[in-house]
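>>> can you look at this prediction? I've put the sequence above it.
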Amino acid sequence: MRRNVAIIGCGQTKHTSKRRDVNIAEMVSEAVYNALEDAQVSLREVDAFVVGNMQGFGGIAQPEQWLGDSIGAPGKSVIRIATGGTTGGSVGQGAYYTVASGLHDVAVAVAWEKHSDSREAGATTGLLHVGLGNFFHAASYGLSLKNLVATSAVGAAAGVAVFQAVFYMHRSGCSIEHFDMVAAKARRNAAKNKYAHLQWPGCTPEDIARTEIIAYPFRYGHICPASDGASAIVVAEENLARKKARQPAWFKGLAAFSDEENSLQSENFGGVGVLDPSEQKGCWMSATKAYKMAGIKDPQKEIDVAEVYQPFPSQELIFAERLGLFDEGTAWMALEKGETDIDGRMPLDPSGGVNATNAIGSTALQRILECALQIMGKAEEHQVPRKVSNAVAHGWGGVTNYITVTVLGDSPGR
Amino acid sequence: MGYVKEERPTTISVEGTWNIGSYHYKGSKLMEEYVKGLKQKKLIGSFCPGCGKVIVPPRNLCGRCHRIMDRRKIVSNRGTITCFIVTPPMEKGKLKVLGMDPVETGLIKEGEVVIPVFVKFDGSDSNTDTILLNVDPKAVHIGMRVKVLWAKEPQGALSDFEGVEPV
């Protein structure tokens, strides 16, 4: 029998391009101690840590061995999880399993990325590590080295996402102007979030439209930054949660599925069997399962706010539909009407989302953390102006085909 | 116990190299079959006995029904573009892929506009990932008909399939 579990505290670092004043261990412990302080929980009360970042990023293979001391993990249970871009989502869900199973009463989930530790743009050292393993595998996509490089020239995840965006535009009828609108909204929202990276108060779609095209339909202004930063949540069983938090954010439902819908790197040995990379069946499967567990029948009516994983603006639209928040092919129409704004009918990424802040390993945990802040009423300037009973947090990663969906609520729901 | 920060004010860098040649990977037999086909200017796909889909290049297992795809089918050299990307002209020093500068290494020419595409070859059900060549970038569209551009003297290598060009 699983136990009721809630988030009772959240901690983040300020996200920025370069945190040269700290190393990974110091940066991660900043987030952990912020979360413990927010939860009013002492280190002594913590039983377990679930930690993670992108595998190999920052050039560190086993970061948990380095930072364990700094976060106070010795003598406690530690698990490291790495699932690519979804790492943070899996880390958050891992903390849930740790407590819901009855193994431990209080767990801290912490996830991070420190891109600036790699000299090359992005986290190329890490991507090379990930890419190299996949490189030989990539030979089975039938691409020669020249063509593999040419295809990769549009960027790692960006290359995948740009294909996905073209498919979505073609079938939904949305245009590049809608991507400008999503990106401008992300930067405006981020300006209200003191931890966010790309903050631009009053940013307009026209501002974004003035930036250079990188690979049609993506402009420079559409692309997420590479951020240094960490985020952490404190997860506790029901009795302690009620004692410690005035309004805990309860885990109501969660799921993680993958599908073959990645344009380049198939998990099942080569070939590109996908006809539409924007189909994202894995997200639909995850949402369906998580909503069922949460007792949510109509997400369009019952979800009050969503944190969608959208490093690229097309993905806010694609995944909002796959999360059941809008009918098929209509998210861009809702965007036009302002329904996805902070004060709209279905606020999407009031924090600014991944599009404004992207410390990769941490980003999917931040989606969970931001949903928790909305439920706890602690989102400060980017708090949505309504009672938040249910919020949905999404993650996209793996080899661009893996999805985590987590539904949080203001009551355990059972 | 609490938050500890070392005295050093900033992070430091240490020079070093990483020998990627020290790794070994097992090759795929399917790709041997595929490149043998390429040498004869034939595109080989695998057929799924479960859903009937034909996937090019071939793969072992069907992603959706998980059946073993042990039957082969030769598909047409002609197909339709289902998706495309147009890059700005490539420049030296602007980009690194797999740790190298593709313009510096000569894989992409200075000023070259790269057009990665998905092609659904006639008789297949999958998108084959490749690049579109010999085309005016402004003319590219979804639904465009294309054919394989073969190397002048196929060697039985992936590079025999240079890309696709308009019909």
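Received, thanks. Numbers count the residues shown, from 1 in each chain, chains lettered A, B, ... in the order given.

>>> quick one: distance of stretch A:87-100 to the chain centre.
In this view, stretch A:87-100 has its centroid 13 Å away from the chain centroid, taken as C-alpha atoms, centre = their mean, to the nearest Å.

>>> put the alpha carbons of that stretch into PDB.
Once side chains and other backbone atoms are set aside, the C-alpha atoms of stretch A:87-100 remain, and they are given as PDB (Å, rounded to 0.1, in the frame of the first residue of the first chain):
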ATOM      1  CA  THR A  87      16.700  13.600 -15.200                       C
ATOM      2  CA  GLY A  88      15.100  16.100 -12.800                       C
ATOM      3  CA  GLY A  89      11.600  14.600 -13.400                       C
ATOM      4  CA  SER A  90      12.900  11.200 -12.700                       C
ATOM      5  CA  VAL A  91      14.800  12.400  -9.600                       C
ATOM      6  CA  GLY A  92      11.600  14.000  -8.300                       C
ATOM      7  CA  GLN A  93       9.600  10.900  -9.000                       C
ATOM      8  CA  GLY A  94      12.400   8.900  -7.400                       C
ATOM      9  CA  ALA A  95      12.000  10.800  -4.100                       C
ATOM     10  CA  TYR A  96       8.300  10.100  -4.300                       C
ATOM     11  CA  TYR A  97       9.000   6.300  -4.700                       C
ATOM     12  CA  THR A  98      11.400   6.500  -1.800                       C
ATOM     13  CA  VAL A  99       8.800   7.900   0.600                       C
ATOM     14  CA  ALA A 100       5.600   6.400  -0.800                       C
END
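
>>> any residue of the lowest-mean-pLDDT helix or strand in chain B touching chain A?
When the helices and strands of chain B are scored by mean pLDDT, DSSP states H and E, strand B:128-131 comes last with a mean of 86. Yes: shown here: strand B:128-131 in contact with chain A (C-beta under 8 Å from any C-beta of the partner chain) through B:Thr128, B:Asp129, B:Thr130, B:Ile131. (C-beta placed from N, C-alpha, C; glycine too.)

>>> which two of those have the greatest separation?
With distance counted by C-beta to C-beta, no two of the residues of strand B:128-131 next to chain A lie farther apart than B:Thr128 and B:Ile131, which are 11.0 Å apart.

>>> give the other helices and strands that the helix or strand encompassing A:Met285 contacts.
Following DSSP states H and E, one finds A:Met285 within helix A:281-294. Under the contact definition 3 or more C-beta pairs under 8 Å, 6 or more residues apart in numbering or on different chains; DSSP states H and E, helix A:281-294 sits against strand A:249-258, helix A:313-322, strand A:390-397, strand A:402-409.

>>> just checking: what are the partner strands of the last one?
The one in question is strand A:402-409. strand A:249-258 (antiparallel), strand A:390-397 (antiparallel) (DSSP bridges).

>>> check the closest residue to chain B within the stretch 301-414 of chain A and give its pLDDT.
With C-beta to the nearest C-beta as the measure, A:Asn401 is the residue of the stretch 301-414 of chain A nearest to chain B, at 9.5 Å. According to the model's per-residue confidence, A:Asn401 sits at a pLDDT of 77.

>>> my read: it touches A:Glu279, true?
No: A:Asn401 lies out of contact with A:Glu279 (C-beta atoms under 8 Å); the separation is 10.6 Å.

>>> neighbour count for those two, which is higher?
Here A:Asn401 and A:Glu279 are set side by side on neighbour count (other C-beta atoms under 10 Å in any protein chain shown), and the busier one is A:Asn401, at 27 against 19.

>>> thinking again about what came up before, next one: phi and psi at the residue of the stretch 301-414 of chain A closest to chain B?
With angles defined as degrees, to the nearest 10, A:Asn401 shows backbone torsions of phi -140, psi 0.

>>> what are the buried residues along stretch A:283-297?
Burial within stretch A:283-297, assessed by neighbour count using 16 or more other C-beta atoms under 10 Å in any protein chain shown, is assigned to A:Cys283, A:Trp284, A:Met285, A:Ser286, A:Ala287, A:Thr288, A:Lys289, A:Ala290, A:Tyr291, A:Met293, A:Ala294, A:Ile296.

>>> over to stretch A:14-27?
A:His15, A:Thr16, A:Arg19, A:Val22, A:Asn23, A:Ile24, A:Ala25, A:Glu26, A:Met27.

>>> out of the residues you listed, which are inside helices?
If you go by DSSP state H, the buried residues of stretch A:14-27 have A:Ile24, A:Ala25, A:Glu26, A:Met27 in helices.

>>> in JSON lines: the residues you listed, plus pLDDT.
Converted to JSON lines, those look like this (pLDDT from 0 to 100):
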{"residue": "A:Ile24", "pLDDT": "91"}
{"residue": "A:Ala25", "pLDDT": "92"}
{"residue": "A:Glu26", "pLDDT": "92"}
{"residue": "A:Met27", "pLDDT": "95"}
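
>>> all the helices of chain B, residue numbers only.
If DSSP H is used as the criterion, the helices of chain B fall at B:29-39.

>>> where do the strands sit along it?
Listed in chain order, the strands of chain B (DSSP state E) span B:43-47, B:54-55, B:71-75, B:78-84, B:116-121, B:128-131, B:145-150, B:161-166.

>>> residue ranges in chain B under the pLDDT threshold?
B:1, B:18, B:20, B:25-28, B:97-99 (pLDDT under 70).

>>> repeat that for chain A.
Within chain A, the set of residues satisfying pLDDT under 70 comprises A:119-143, A:148-159, A:260-275, A:399.

>>> run through the residues that contact A:Ala73.
With contacts taken as C-beta atoms under 8 Å, 6 or more residues apart in numbering or on different chains, A:Ala73 has the following neighbours: A:Phe49, A:Glu64, A:Leu67.

>>> measure it to chain B for me?
As judged by C-beta to the nearest C-beta, to the nearest Å, A:Ala73 and chain B stand 11 Å apart.

>>> and for A:His222, the neighbour number?
A:His222 is flanked by 27 other residues according to other C-beta under 10 Å.

>>> please apply the same query to A:Gln300.
Burial of A:Gln300 is recorded as 12 neighbouring residues (other C-beta under 10 Å).

>>> may I see the buried residues of the helix or strand hosting it?
In the assignment (DSSP H and E), A:Gln300 maps to helix A:299-302. Of the residues in helix A:299-302, A:Pro299, A:Glu302 count as buried by neighbour count, 16+ other C-beta under 10 Å.

>>> contacts for the helix or strand that comes right after it next, please.
Sequence order places strand A:305-307 as the next helix or strand after helix A:299-302, per DSSP H and E. Contacts of strand A:305-307 with the rest of the structure, by C-beta under 8 Å, 6+ apart, involve A:320, A:323, A:325, A:346-351, A:353, A:366-368, A:370-371, A:374, A:384, A:388, A:391-394.

>>> now find how far off-centre strand A:305-307 is within its chain.
Average the C-alpha atoms of strand A:305-307, do the same for its chain, and the two points are 11 Å apart (C-alpha atoms, centre = their mean).

>>> same check on stretch B:8-28?
A distance of 25 Å separates the centroid of the chain from that of stretch B:8-28, by C-alpha atoms, centre = their mean.

>>> and for stretch A:352-361?
When C-alpha coordinates are averaged (C-alpha atoms, centre = their mean), stretch A:352-361 and its chain have centres 7 Å apart.

>>> correct me if wrong: A:Lys192 contacts A:Val384.
No: A:Lys192 is not in contact with A:Val384 according to C-beta under 8 Å; the separation is 11.0 Å.

>>> what residues are shared contacts of those two?
With the criterion set as C-beta under 8 Å, 6+ apart, the overlap between the contacts of A:Lys192 and A:Val384 is A:Ile342, A:Pro350.

>>> residue contacts, residue 144?
Using chain A. When contacts are counted by C-beta under 8 Å, 6+ apart, A:Ser144 is found next to B:Ala157, B:Leu158, B:Ser159, B:Phe161, B:Glu162.

>>> wait, chain B
Contacts for B:Met144 (C-beta under 8 Å, 6+ apart) come out as B:Thr80, B:Ile81, B:Pro166.

>>> and it, how close does it get to chain A?
B:Met144 is 13 Å from chain A, by C-beta to the nearest C-beta.

>>> which strand residues bridge A:Leu254?
With DSSP bridges applied, A:Leu254 shows beta-bridge pairing to A:Thr406.
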